[in-house]
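Visitor: Sequence and predicted structure, then a few things I'm wondering about:
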Amino acid sequence: MNLTSLPFENSLVLASALVAAVIGLLVALRRGHWLTTLLFSAAFLAVASFQAGTLGILHTDSSETSRLWAIYLGRTSVLASWLWLALTVTLARRDPWEQIKNAAAYLALALTGSIVLSFVAGSPQVLRGVTGHGSASQIVLGPLGKVYLMYLIIAMLAMLMNLEYMLRNTQASALRRLRPMYVALAMAILTELMVVSGGLVSGSIRVSWLVASAAPLFVSGVATALSLARRRLSDLTVPVARPVIYYSSVSLTLAAAFLLGMGVLSKVLPTLNPTSRWIVTLVFYTLAGGGGLVLVLSARANRSIRRFIDRNFYANRYDYRREWERVSTSITPTGRVEDVGRQIDGLIRTVFEAERVAIYLRRDPDGMFVRLHGPDAMPPSLDLANPLALHLERTREPLVFREAALDLDLIPAAAENVEAIRALNAAACAPLMVGDLLVGLLWLSDKRTHEHYSSEDAAFLGAMARQLAGALWFARVAEQLAENRQLDSLNRLSTFVLHDIKNHVSGLSLVVENARRHMANPEFQRDALAVVERTVRNLRELMNQVSGMARTPDVVAEPCDVTELLGDAAQAAGLVTGERDGVVFAIDSGALEPVSGDRRLLLRVLVNLLTNARESLSGPGRIDLGAAIRTPASGVGRELELAVRDTGRGMSDDFVRSHLFRPFATTKPSGLGLGLAQCRSIVEAHGGTIDVVTRAGQGTTFAVRIPLGGPGARLHDTAPAAEAANTERAGIRGGGA
């Protein structure tokens, strides 16, 4: 036996072996799933066996015995690698068997590799021999030895990714329980990874490396033992928070870079002299360690690499087709801005499981952000120069406040909005962009599941925010356009009303001025009274015309002579049968029986249609006015058809389809656009329809069809209405007398 090794080295290796053995036995007493318990116990007992082999090779004094211990270490390490790989697959999983099934392919491949390597471990192609004694001894590898070590490196990198996958899929409430054990296990795996990678580079493994690795193994073993002493193994079981496999992009980046570097280094080092070899090895480990620290500690580098790899290499958490369909069906951009805000609130809380949502919308391109939706405790408005708004406008990506705490450049954005963050318990804020304009801010609180917002959450939120911004801004612009239309309509209507009132007031003013001189003249009194009566009648007509736009006109049905109605309409429109000023006008009514209807309203419809026909003629032309009693297409009953035809300029199909009967829509430069809207209202009040056939440049035909049965009781109950009208007229005449 070799007695030259230091007692400290022996004690260190023995302590790590004992701790691993104790954990292997202790875990059997901490209740959990039997498969996880078995793998946990076997993995740590394998570590204890490996450390026992290290003690054996430390105390040998012959090359042959050292070789036997080296073979034992090789076989123990491949067995331990598979046990640890299986453990990291099942650890903290609610259904270990399901995880085993999902990972069955690569676990079976790893097991096959372990068995094959165990059989060939004693071959000179793998192990040439052991030089030296004790801690100064060195295990020299054969040509297949590097394949052996590469297998171990790949297995350990897979273990690290499995551990980080476990943490990334763990809810925040369970993460505190898992983190100490995760750090301990990761420390042990990283330690062995450095030893094996050193052997791959140099082509041999120094026993002193194995002794040095015992120290971190002992520390990680103690941390694991303390975790198990505080909690049962079943207490470490957590629900998986994601429905898809989602490895850490940081782990993958480190693993890929490390393997590539190791492969290149193993080919380069044998060609160098000892001094250069030592320098290159030092530089490699410095760069590898420094790069790993940058990726782990730098929030910006971590975030950038994670987003790039997550977007391009991994399965998505969301079914984007289904989620986008949900967006399109949940949002109604034609509604009021407040309604769209409430729809966005419900959508975001459903998709991202956020507890609360707040929305700030820009008042106008140069105004502040005003709170549209959210808790009253949040500020009512935010300034355009707010650091958060400036950051979101510059990056056009959501900001997760948890990441902001790790990045000095992002701290002002969070610090200036502490009040809003606390009021909402905000976890993220997304920009609402329409083109290059930041139109609002979308705030999200913590998730109900206590899960952190991942880079995929942020990416999907950013894409959704652009769609939601368009809906919000469309609703805002639509409201502003509606307000502008209403103001424009009011302005045009008031201009029309004021113009007529001004004409009537002018006549009354003239009467008032002459009354001072001619009040005693009976003839003047008769003329003045006639002017007043005419003015009152015209003002009432104006009131009826304007008020008719907002309500259905009251129809007072009475017997109406159609031929007389057509003649009065032509006279009121300034038309006479025959030709005058190049306009040919004709009336075709035949001998028609009287019909029931409101003569006053029907006269207004015909006068309006005839006036429009006359104004549509830019020169010579023809206007026809006709009436007939026909059988409707349904074959039931009879209807009165009034038709007005002209050979004027006509109208476009688009104008007829979209604007013809809408108030304030007109093709005439000085028209108000009230006439046809009022005509349709009158015809529909009679229970009829008004149709138009037109072609640009070839004329227009309006056809009014009114059922002779009347629209309802109002048309049939003619006697009381007529009597009331006569009484009213008599009262007026009596008052005048």
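Guide: Perfect, thanks for sending it.
Visitor: residue ranges with poor pLDDT in the stretch 451-600 of the chain?
Guide: Counting by pLDDT under 70, the stretch 451-600 of the chain contains low-confidence ranges at 482-483, 485-490, 492-493, 495-496, 499-500, 503-504, 506, 544-553, 591.
Visitor: which residues of it fall in helices?
Guide: 455-518, 522-547, 562-572, 599-616 (DSSP state H, counting those that start in this stretch).
Visitor: Tell me which of those sits most buried.
Guide: Stretch with highest mean neighbour count among the helices of the stretch 451-600 of the chain: helix 599-616 (a mean of 21; mean count of other Cβ atoms under 10 Å). The way it works is simple: take the backbone N, C-alpha and C, and place the C-beta from them, glycine included.
Visitor: Tell me which residues are up against that helix.
Guide: Under the contact criterion Cβ atoms under 8 Å, 6 or more residues apart in numbering, helix 599-616 has outside partners 553, 555-556, 558, 560, 565-566, 568-570, 572-575, 583, 623, 625, 642, 644-646, 648-650, 668, 675-676, 678-679, 682-683, 685-686, 699-700, 702, 704, 706.
Visitor: immediately after that helix, which helix or strand?
Guide: strand 621-630 (DSSP states H and E).
Visitor: any idea how far Pro143 lies from Ser77?
Guide: 19 Å (Cβ to Cβ, to the nearest Å).
Visitor: Tell me which of these two has more neighbours.
Guide: The neighbour comparison of Pro143 against Ser77 (other Cβ atoms under 10 Å) goes to Ser77, with 25 against 11.
Visitor: Which residue ranges of the stretch 151-300 of the chain form helices?
Guide: Going by DSSP H, counting those that start in this stretch, the stretch 151-300 of the chain shows helices at 172-202, 207-230, 249-268, 274-297, 299-313.
Visitor: Name the residues of the second one that come out as buried.
Guide: Using 16 or more other Cβ atoms under 10 Å as the burial criterion, the residues of helix 207-230 that qualify are 207-214, 216-225, 227-228.
Visitor: nearest spatial neighbour of the most centrally placed residue in the chain, skipping sequence neighbours?
Guide: For the chain, Met464 is the residue whose C-alpha lies nearest the centre (Cα atoms, centre = their mean; 2.3 Å). Nearest non-adjacent residue to Met464, counting by Cβ to Cβ, 6 or more residues apart in numbering: Val327, 6.3 Å away.
Visitor: for Gly113, same thing?
Guide: The nearest residue in space to Gly113 (Cβ to Cβ, 6+ apart) is Tyr151, at 5.6 Å.
Visitor: again with Asn425
Guide: Nearest to Asn425 is Ser445, by Cβ to Cβ, 6+ apart, at 4.8 Å.
Visitor: what's across from the one you found in the sheet?
Guide: Ala426 (DSSP bridges).
Visitor: picking up where we left off before, can I get the helices of the stretch 451-600 of the chain in TSV including distance to Gly134?
Guide: Listed next are those as TSV, based on distance: least, Cβ to Cβ, whole Å:
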stretch	distance to Gly134
helix 455-518	50
helix 522-547	111
helix 562-572	125
helix 599-616	115
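Visitor: for the stretch 1-150 of the chain, what spans make up the strands?
Guide: 127-131, 138-141 (DSSP state E, counting those that start in this stretch).
Visitor: what's the longest one in contact with?
Guide: Residues outside strand 127-131 that contact it (Cβ under 8 Å, 6+ apart) are 57, 63, 66-67, 69-71, 74, 121, 137-142, 145.
Visitor: Report the inter-axis angle for that strand versus helix 207-230.
Guide: Inter-element angle recorded for strand 127-131 and helix 207-230: 100 degrees (by axes from the mean of the first three to the mean of the last three Cα atoms, to 10 degrees).
Visitor: residues of strand 127-131 that come out buried?
Guide: So, applying 16+ other Cβ under 10 Å, buried residues of strand 127-131: Leu127, Arg128, Val130.
Visitor: Could you give the bridge partners of the first one?
Guide: In other words, Leu127. Where Leu127 sits in a bridge, its partners, by DSSP bridges, are Leu141.
Visitor: State the number of residues packed around Thr449.
Guide: By other Cβ under 10 Å, neighbour count at Thr449 equals 12.
Visitor: Find me the pLDDT at it, would you?
Guide: pLDDT recorded at Thr449 is 78.
Visitor: that's a strand at it, yeah?
Guide: No. Under DSSP: H, G, I helix; E, B strand; the rest coil, Thr449 sits outside any strand and is assigned coil.
Visitor: How much space separates it from Ser455?
Guide: Noted for Thr449: a distance of 17 Å to Ser455, by Cβ to Cβ.
Visitor: same check, this time on Ala110
Guide: Ala110 is 29 Å from Ser455, by Cβ to Cβ.
Visitor: doesn't Leu392 make contact with Cys429?
Guide: Yes. Under the criterion of Cβ atoms under 8 Å, Cys429 makes contact with Leu392 at 6.8 Å.
Visitor: What about the closest residue in space to Leu287 that isn't next to it in sequence, how many residues nearby?
Guide: Spatially, and ignoring its direct neighbours in sequence, Leu287 is nearest to Gly261 (7.8 Å; Cβ to Cβ, 6+ apart). Gly261 sits with 17 neighbouring residues when counted by other Cβ under 10 Å.
Visitor: for Ala70, same thing?
Guide: 28.
Visitor: neighbours around the residue lying closest to it once chain neighbours are set aside, how many?
Guide: Nearest residue to Ala70, sequence neighbours excluded (Cβ to Cβ, 6+ apart): Ile139, at 4.8 Å. Other residues near Ile139 come to 26 when the count uses other Cβ under 10 Å.
Visitor: For Ile139, give its distance to Ala427.
Guide: Distance of Ile139 to Ala427, given as Cβ to Cβ: 52 Å.
Visitor: again, but for Ala696
Guide: Taking Cβ to Cβ, one finds Ala696 at 60 Å from Ala427.
Visitor: Compare the two (neighbour count), which wins?
Guide: Higher neighbour count among Ala696 and Ala427: Ala427, with 21 against 12, using other Cβ under 10 Å.
Visitor: what secondary structure does Val704 sit in?
Guide: Val704 is classified as strand under three-state DSSP.
Visitor: Name the helix or strand for the closest residue to it other than its chain neighbours, please.
Guide: Distances taken as Cβ to Cβ, 6+ apart place Leu642 nearest to Val704, at 4.3 Å, with adjacent residues excluded. Secondary structure from DSSP H and E places Leu642 in strand 639-646.
Visitor: Show residues contacting that strand.
Guide: Applying Cβ under 8 Å, 6+ apart, the external contacts of strand 639-646 come out as 562, 566, 595, 597, 602, 605-606, 609-610, 613-614, 616-617, 621-632, 688, 699-708.
Visitor: about what we covered before: I'd like the distance from the residue nearest to Leu287 to Arg277, if you could.
Guide: With Cβ to Cβ as the criterion, Gly261 and Arg277 are 15 Å apart.
Visitor: before we move on, what about Tyr360?
Guide: With Cβ to Cβ as the criterion, Tyr360 and Arg277 are 61 Å apart.
Visitor: if I pick the closest residue to Leu217 other than its chain neighbours, what's in contact with it?
Guide: The shortest distance from Leu217 to any non-neighbouring residue, by Cβ to Cβ, 6+ apart, is to Ser16 (4.4 Å). Contact partners of Ser16, counting by Cβ under 8 Å, 6+ apart, are Val47, Gln51, Ala214, Ala215, Leu217, Phe218, Gly221.
Visitor: Farthest pair within those residues?
Guide: The span of the contacts of Ser16, defined through Cβ to Cβ, is set by Val47 and Ala215 at 14.0 Å.
Visitor: picking that back up, out of the contacts of strand 127-131, the closest to Leu85 would be?
Guide: Distances from Leu85 to these, taken by Cβ to Cβ, are shortest for Gly74, at 17.0 Å.
Visitor: got any ranges where the stretch 301-450 of the chain has weak pLDDT?
Guide: 301-324, 333-335, 365-366, 405-408.
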